[in-house]
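S.K.: Fold the stuff below for me.
(2 chains)
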Amino acid sequence: GENVEQHPSTLSVQEGDSAVIKCTYSDSASNYFPWYKQELGKRPQLIIDIRSNVGEKKDQRIAVTLNKTAKHFSLHITETQPEDSAVYFCAAITNQAGTALIFGKGTTLSVSS
Amino acid sequence: NAGVTQTPKFRILKIGQSMTLQCTQDMNHNYMYWYRQDPGMGLKLIYYSVGAGITDKGEVPNGYNVSRSTTEDFPLRLELAAPSQTSVYFCASTPSGQNGYGYTFGSGTRLTVV
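M.R.: Model (predicted):
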């Protein structure tokens, strides 16, 4: 089945810096890669996603890049703000389990002002 | 639309007790999922269903059971609660054939087994 690895597990940056979180996946048939933000005690919220036929997608300060050959994708947050502090999860779809999302272990991002 | 509704929000169980976590969606989604999230970890797939009457195991199904008698409801049953089942449980749903689009999470059930 699909396996998703995520790094780093924690990331601390100064306000205004950029943050990059990386994920690798194992199933070459996976074709959908979302990123979720989870604040303490809340449900995961989708912040951006990318399909396998696209190499990069951007939404204001957030961007995701995908390298299908290497089977890795990354989340880029520019001009970080304290409200970006949260846990971020990457995920990949697996067609072997009813198109379920398989998640990475998460990255705790702390943005200090 | 209420989306995906989970009850209860919090529960404390004693070892060996049983309980059912409820999940209901009003979006007519065929695909539904149960995940658990342990502290500091990602979400792990417990069970999933692609339609009424169809269920299958995910990554971590041991100690749990599910049923799907209607499109709307997908309850998760714990028969003999163990401390290892202390976790936050999320239910999710998505329209069939959307390959990930429209994934909607419930607000979660925080379960403690003592």
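
S.K.: so where do the helices sit in chain A?
M.R.: For chain A, applying DSSP state H gives no helices.

S.K.: tell me which strands and helices the lengthiest strand in chain A is in contact with?
M.R.: Ordering each strand of chain A by length in residues (DSSP state E) puts strand A:86-94 first. Strand A:86-94 makes packing contacts with strand A:4-7, strand A:19-25, strand A:32-38, strand A:72-77, strand A:100-103, strand A:107-112 when contacts are defined by 3 or more C-beta pairs under 8 Å, 6 or more residues apart in numbering or on different chains; DSSP states H and E. C-beta coordinates here come from the backbone N, C-alpha and C atoms, glycine included.

S.K.: hey, least reliable of those by pLDDT?
M.R.: Mean pLDDT is lowest for strand A:100-103 among the helices and strands packed on strand A:86-94, at a mean of 92.

S.K.: Put the alpha carbons of that strand into PDB.
M.R.: This file holds the C-alpha atoms of strand A:100-103, laid out as PDB (Å, rounded to 0.1, in the frame of the first residue of the first chain):
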ATOM      1  CA  ALA A 100      -8.600   7.000   1.000                       C
ATOM      2  CA  LEU A 101      -6.000   9.600   1.900                       C
ATOM      3  CA  ILE A 102      -2.800   8.200   3.500                       C
ATOM      4  CA  PHE A 103      -1.100  10.900   5.700                       C
END
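
S.K.: who does that strand pair up with?
M.R.: strand A:86-94 (antiparallel) (DSSP bridges).

S.K.: contacts for the strand it pairs with?
M.R.: A:1-2, A:4, A:6, A:21, A:23, A:25, A:27, A:30-40, A:44, A:47, A:73, A:75, A:99-104, A:106-109, B:42-43, B:99-100 (C-beta atoms under 8 Å, 6 or more residues apart in numbering or on different chains).

S.K.: And the buried ones among those, selectable in ChimeraX?
M.R.: Typed into ChimeraX, the line below selects the buried ones among the contacts of strand A:86-94, using 16 or more other C-beta atoms under 10 Å in any protein chain shown:
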select /A:2,4,6,21,23,25,27,30,31,32,33,34,35,36,37,38,44,47,73,75,99,100,101,102,103,104,106,107,109 /B:42,43,100
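
S.K.: buried stuff in the longest strand of chain A?
M.R.: Those would be A:A86, A:V87, A:Y88, A:F89, A:C90, A:A91, A:A92, A:I93, A:T94, for strand A:86-94 by 16+ other C-beta under 10 Å.

S.K.: beta partners of the second one?
M.R.: Under DSSP bridges, the beta-bridge partners of A:V87 are A:Q38, A:T108.

S.K.: quick one: it and A:L11, what's the gap?
M.R.: The spacing between A:V87 and A:L11, counted by C-beta to C-beta, to the nearest Å, is 10 Å.

S.K.: same check, this time on the fifth one
M.R.: Distance of A:C90 to A:L11, computed by C-beta to C-beta: 13 Å.

S.K.: quick one: the residue nearest to A:D27 when sequence neighbours are not counted from B:H29, how far?
M.R.: Spatial nearest neighbour of A:D27, excluding adjacent residues (C-beta to C-beta, 6 or more residues apart in numbering or on different chains): A:E2 at 4.2 Å. Counting by C-beta to C-beta, the gap from A:E2 to B:H29 is 21 Å.
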